[in-house]
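J.: What follows is a predicted protein model with its sequence.
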Amino acid sequence: MADYVLAIDQGTTSSRAIVFDKSGSIISTGQLEHEQIFPRAGWVEHDPEEIWTNVREVIGIALSRANLTRHDIAAVGITNQRETAVVWDKTTGKPVYNAIVWQDTRTQKIVDELAADGGVERFKDKVGLPLATYFSGTKVKWILDNVDGAREKAEAGDLLFGNTDSWVVWNLTGGTDGGVHITDVTNASRTMFMDLETLSWDQGILDVFGVPASMLPQIKSSSEEYGTVHSSQLLRETPVAGILGDQQAATFGQAAFEKGGAKNTYGTGNFLIVNTGEEIVHSKNGLLTTVCYKLGDAKPVYALEGSIAVTGSLIQWLRDNLGLIKTAPEVEELARTVEDNGGVYVVPAFSGLFAPYWRGDARGAIVGLTRYVNKGHIARAALEATAFQTREVLDAANADAGVDMEDLRVDGGMVANDALMQFQADILGIPVVRPKVVETTALGAAYAAGLAVGFWQSTDDVTANWAEDKRWEPQMDAAERDRQMRLWKKAVTKTFDWVDEDVQ
């Protein structure tokens, strides 16, 4: 009897395999980081082959740490960094270029060219997304336009494209030996190519982008049996039965199944998702419309999303680029050496600004510097930047929904930081709630896979498993909250219009 489900979490900085039991508790974990490749300013790449090697290794680590075999695993679920584009040769199994990461801004000229006819919202009514460097579509076009021989191979039907979920599933199910080329609706909704109503690729948009339909994966639901792990792999013959893009997976893991249910994930970036039920809601306040999940043959559930490019990666930048701290957790200790931010605001527009601004011309800024300021103030301002950005997307979500959120469920690596979570509650003016299992991204993928094979019977089981761990109540008075937000918004305006033809 298989008593566990294994989730593969292919993230921006690492790949993990996590084994869960029926209560949704973590049994074991394997994790390996992969190289962050920065060939030029604004370019961010990953090596897809390194990612696949790491995925295989972390599966072995997770199984061995719990002394488990494939016979103990009922199903495999996959969650992934969305919008990160991989293009590979289906005959050789080799990528034609590195994966272009969601944070990458090299495609801004492609965005501008496509927006010349109809503006950045040219396709938004159909796909829910503005034209931006963030999404997979422009990245695929860039590879076809700039990699020698790629367009010819694509037009001959020899190349495949997918976000990293498709790359992992294809390899896991056999690669060149019968690998399944699929994606789920949540990942497909991040390409700019999928019609939100029909849940199918839009040929007209593909023609505009110059991307052959033969490259694209088949679109599936988020929870069904797609195939089994190939006989060459450790988990051979185990059903692969769930795929959710990382932020949708976290929403699922947080049991936000009701209309109006929401969560905010604190990772490399921050992502607020609000469940809008079976209704497609088009934002008037800078949010994205996306697919939240689709279970088997059931109707799709949609969501509004506020995407923030840089939060946790700002702390990594303090560590790796500035040497201000040696480990990420030290930032909280350093921030606690001062009482406030000393008038400093850090706006981390390293990849431009995402929601609610969508300004590709913005670049990062530290403002309010005086001789009084020390590294503690900068550390505190870096943490506070995450909370300020979250407040802005929450305000946008409240405006779109017409109803103010009563509390915010949070997850991801940064929610272990008490100082940040308290400031988040303060600047929002509502309670912030952390669940007992904060690895909700991997948990959501596990639930999707387990539901498909009957390991869990319904979403009621998922809801029953969710439990609160800690709650932060707001302590800041309204006047101070308003003052802080006014200064933050002023700081944000200082990042606009930085990029032009001479500056990238």
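T.: Received, thanks. Residues are numbered from 1 along each chain as shown.
J.: Check whether A17 really touches T29, as I assumed.
T.: Yes - counting by CB atoms under 8 Å, T29 is a contact partner of A17 at 7.1 Å. (Glycine included, C-beta is placed from N, CA and C.)
J.: Comparing the two, which shows the higher neighbour count?
T.: Each of A17 and T29 has its neighbours counted (other CB atoms under 10 Å); A17 has more, 28 against 18.
J.: what secondary structure does the more buried one sit in?
T.: strand (DSSP: H, G, I helix; E, B strand; the rest coil).
J.: For it, give its distance to G444.
T.: Separation of A17 from G444 (CB to CB, to the nearest Å): 15 Å.
J.: Shouldn't E305 be within a strand?
T.: Yes - checked against three-state DSSP, E305 lies within a strand.
J.: residues contacting it?
T.: Contacts for E305 (CB atoms under 8 Å, 6 or more residues apart in numbering) come out as 247, 271-274, 287-290, 355.
J.: what bridges to it?
T.: Listed by DSSP bridges, the beta-bridge partners for E305 are I273, L288.
J.: Now find how far off-centre the helix or strand where D400 lies is within its chain.
T.: Taking DSSP states H and E as the criterion, D400 maps to helix 375-401. Between the centre of helix 375-401 and the centre of its chain there are 17 Å (CA atoms, centre = their mean, to the nearest Å).
J.: Which neighbouring elements make contact with it?
T.: Packing partners of helix 375-401 (3 or more CB pairs under 8 Å, 6 or more residues apart in numbering; DSSP states H and E): strand 262-266, strand 270-277, strand 301-308, helix 312-320, helix 330-335, strand 345-347, helix 418-428, helix 478-493.
J.: who does the helix or strand following it pair up with?
T.: The helix or strand immediately downstream of helix 375-401 is strand 408-411, counting by DSSP H and E. Applying DSSP bridges to the sheet, strand 408-411 is found paired with strand 262-266 (parallel), strand 432-435 (parallel).
J.: hmm, back to that, spit out the residues that contact A17 and T29 alike.
T.: 61-62.
J.: how close does the most far-flung residue of the chain relative to its centre get to A381?
T.: Distance to the chain centre peaks in the chain at R371, reaching 37.9 Å (criterion: CA atoms, centre = their mean). From R371 across to A381, the span is 16 Å (CB to CB).
J.: Adding distance to Q108 and pLDDT, write the contacts of E305 out as CSV.
T.: Shown next, in CSV, are the contacts of E305 (distance: CB to CB, whole Å; pLDDT from 0 to 100):
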residue, distance to Q108, pLDDT
Q247, 23, 91
F271, 22, 89
L272, 25, 92
I273, 26, 91
V274, 28, 88
L287, 21, 90
L288, 18, 91
T289, 23, 93
T290, 22, 94
A355, 17, 84
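J.: got a winner among these for most neighbours?
T.: Highest count within those by other CB under 10 Å belongs to Q247, 30 neighbours.
J.: For I100, give me its contacts.
T.: Per CB under 8 Å, 6+ apart, neighbours of I100: 44-45, 84-85, 106, 139, 142-143.
J.: coming back round to it: as CSV, the helices and strands packed on helix 375-401 with distance to V367 would be great.
T.: Formatted as CSV, these follow (distance: least, CB to CB, whole Å):
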stretch, distance to V367
strand 262-266, 23
strand 270-277, 21
strand 301-308, 18
helix 312-320, 15
helix 330-335, 18
strand 345-347, 5
helix 418-428, 18
helix 478-493, 5
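J.: Tell me which of those sits nearest to M215.
T.: strand 301-308 (24.8 Å; CB to CB).
J.: pull the CA atoms of the closest one into PDB?
T.: Only the C-alpha atoms of strand 301-308 are listed here, as PDB (Å, rounded to 0.1, in the frame of the first residue of the first chain):
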ATOM      1  CA  VAL A 301     -11.400  28.100 -11.400                       C
ATOM      2  CA  TYR A 302      -9.900  31.500 -12.100                       C
ATOM      3  CA  ALA A 303      -7.900  34.000 -10.100                       C
ATOM      4  CA  LEU A 304      -6.500  37.500 -10.000                       C
ATOM      5  CA  GLU A 305      -2.800  37.800  -9.300                       C
ATOM      6  CA  GLY A 306      -0.500  40.500  -8.100                       C
ATOM      7  CA  SER A 307       3.000  39.600  -9.200                       C
ATOM      8  CA  ILE A 308       6.100  41.200  -7.500                       C
END
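J.: chain center to it: distance?
T.: Distance of strand 301-308 from its chain centroid, counting by CA atoms, centre = their mean, is 11 Å.
J.: between it and strand 270-277, how big is the angle?
T.: Interaxial angle, strand 301-308 versus strand 270-277 (axes from the mean of the first three to the mean of the last three CA atoms, to 10 degrees): 160 degrees.
J.: mean confidence for strand 301-308?
T.: What strand 301-308 shows for mean pLDDT is 91.
J.: that older thread, right, so the strands paired with strand 408-411: which one is the most enclosed?
T.: When you average the neighbours per residue for each of the strands paired with strand 408-411 (mean count of other CB atoms under 10 Å), strand 262-266 leads with a mean of 27.
J.: Give me the angle between it and helix 312-320.
T.: 10 degrees.
J.: which stretch in the strands paired with strand 408-411 has the least confidence?
T.: strand 262-266 (a mean of 89).
J.: Can you name the residues in contact with it?
T.: For strand 262-266, using CB under 8 Å, 6+ apart, the contacting residues are 246-247, 250-251, 254, 256, 270-275, 311-312, 386, 390, 394, 397, 405, 408-415, 420, 440-441.
J.: between that strand and helix 418-428, how many degrees?
T.: Going by the same axes, to 10 degrees, strand 262-266 makes 140 degrees with helix 418-428.
J.: could you check the angle helix 375-401 makes with strand 262-266?
T.: Relative orientation of strand 262-266 versus helix 375-401 (the same axes, to 10 degrees): 150 degrees.
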